[in-house]
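Enquirer: Provide a 3D model corresponding to the input given below.
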Amino acid sequence: MLEIETGNFAVSRWVLCPPSSLKIVNWNINRGLQLQKVIQFLAGAKPDVVLLQECDLNARRTHHLNIAREIAQQLQLNYVFGREFQELTQGSRRSPAYHGQSTLSRWPLSNSRILRFQKQSNFWRPHWFIPEIDPFQERIGGRLALISEVDLGGKKIVTYNLHLESRGEDGLRESQIEEALQDARQYGADTTVLIAGDFNMNVSAGIPAVSIREAKFHDAFVNQHPATTPGSFFEDGRVIDWIFLRGPVRPSQSQVCRSISASDHYPLSVTLTFD
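Expert: Model prediction:
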């Protein structure tokens, strides 16, 4: 798999001084099945940087579109897309389908790379006794963090776009968080680092909370989260999508946009002000 794809659709502009703040949106868009609703929300929200999980590329279920590129083109954003899995039931040998994370920005993106976690679930791997049909979601690849640097006209913010494993025990997800935190230690205290995505677990307590705190990251929502997935008659929604920050920034206007029904996750929004 070619792991990273990029595209530049943002309008070029002269920058006399870097911005004092920027708006971040983090969202698992459920493959982009309701693409126009996703685009409509993002157009209205006007974020500067967007971190998306579960973006399809050439998948049958999303009409063989390149979801990240479609969003970037329509909203005039730069983007980078990291291939998490090849979706074996959604394409063909001649025309494979992929699935992954995308980071989009009004500002230039650079030094993009993938941190593919060492510990992975075997749940998705193809087996000879399982037919290649949609319900089984057979895949080749593995969970990852898509890392990019956003150039804000003299300031830099490093973004980690995470999608942790949805299968297996919390210990697996905790190890994937630790890998991302360990990688982020290479950036100095004066560099703003953002870790966000679909963690597939509540990390407000226990081992992950301790690891995140010891790595000097803090929750953009100050642990006052409404559920980030819809509930049902039988159960409440879950708090599994997160934004964490480290460095010379302060979060404000943090919200989970629960009025949006374009995915099985709600988008998270926060404004960052530079100190």
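Enquirer: sec struct for residue 183, please.
Expert: Taken by DSSP: H, G, I helix; E, B strand; the rest coil, the conformation at residue 183 corresponds to helix.
Enquirer: Now for residue 87, how many residues are close by?
Expert: 26 (other C-beta atoms under 10 Å). Glycine gets a C-beta too; all of them are placed from N, C-alpha and C.
Enquirer: quick one: contacts for the residue lying closest to it once chain neighbours are set aside?
Expert: For residue 87, ignoring the flanking residues on the chain, the nearest one in space by C-beta to C-beta, 6 or more residues apart in numbering is residue 97 at 4.4 Å. Residues near residue 97 by C-beta atoms under 8 Å, 6 or more residues apart in numbering: 56, 57, 58, 59, 60, 64, 86, 87, 90, 91.
Enquirer: which helices and strands does the helix or strand residue 250 falls within pack with?
Expert: Mapping residue 250 onto the secondary structure by DSSP states H and E places it in strand 249-256. The criterion is 3 or more C-beta pairs under 8 Å, 6 or more residues apart in numbering; DSSP states H and E, and the helices and strands that strand 249-256 contacts are strand 241-246, strand 268-274.
Enquirer: In a markdown table, list the ones you listed along with mean neighbour count.
Expert: Conversion of the helices and strands packed on strand 249-256 to a markdown table gives the following (neighbours: other C-beta atoms under 10 Å):
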| stretch | mean neighbour count |
| --- | --- |
| strand 241-246 | 24 |
| strand 268-274 | 20 |
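Enquirer: Compare the ones you listed and give me the one nearest residue 141.
Expert: For the helices and strands packed on strand 249-256, the distance to residue 141 is smallest for strand 241-246, at 21.4 Å, taking C-beta to C-beta.
Enquirer: looking at this structure, which helix or strand does the model trust least?
Expert: Using mean pLDDT, DSSP states H and E, the weakest-scoring helix or strand in the chain turns out to be strand 139-141, at a mean of 88.
Enquirer: And for the helix or strand just after it, what's in contact with it?
Expert: Read in the C-terminal direction, the helix or strand following strand 139-141 is strand 144-151, with elements assigned using DSSP H and E. Residues outside strand 144-151 that contact it (C-beta under 8 Å, 6+ apart) are 4, 49, 80-82, 84, 100-103, 105, 107-117, 156-163, 179-180, 183, 197.
Enquirer: Buried members of those into ChimeraX, please.
Expert: Buried members of the contacts of strand 144-151, defined by 16 or more other C-beta atoms under 10 Å, are picked up in ChimeraX with:
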select :49,80,81,82,84,100,101,102,103,105,107,109,112,114,115,117,156,157,158,159,160,161,162,163,179,180,183,197
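Enquirer: the strands in this protein, which residues?
Expert: For the chain, the strands identified by DSSP state E occupy 4-8, 21-31, 49-57, 78-87, 98-105, 109-116, 139-141, 144-151, 156-163, 192-198, 218-219, 241-246, 249-256, 268-274, in order along the chain.
Enquirer: so can I have JSON lines of those strands showing distance to residue 233?
Expert: Conversion of these to JSON lines gives the following (distance: least, C-beta to C-beta, whole Å):
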{"stretch": "strand 4-8", "distance to residue 233": "41"}
{"stretch": "strand 21-31", "distance to residue 233": "21"}
{"stretch": "strand 49-57", "distance to residue 233": "25"}
{"stretch": "strand 78-87", "distance to residue 233": "31"}
{"stretch": "strand 98-105", "distance to residue 233": "30"}
{"stretch": "strand 109-116", "distance to residue 233": "38"}
{"stretch": "strand 139-141", "distance to residue 233": "31"}
{"stretch": "strand 144-151", "distance to residue 233": "35"}
{"stretch": "strand 156-163", "distance to residue 233": "28"}
{"stretch": "strand 192-198", "distance to residue 233": "24"}
{"stretch": "strand 218-219", "distance to residue 233": "30"}
{"stretch": "strand 241-246", "distance to residue 233": "22"}
{"stretch": "strand 249-256", "distance to residue 233": "21"}
{"stretch": "strand 268-274", "distance to residue 233": "25"}
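Enquirer: Relative to residue 229, which of those is closest?
Expert: Each of the strands of the chain was checked against residue 229 via C-beta to C-beta, and the shortest separation belongs to strand 241-246, namely 7.7 Å.
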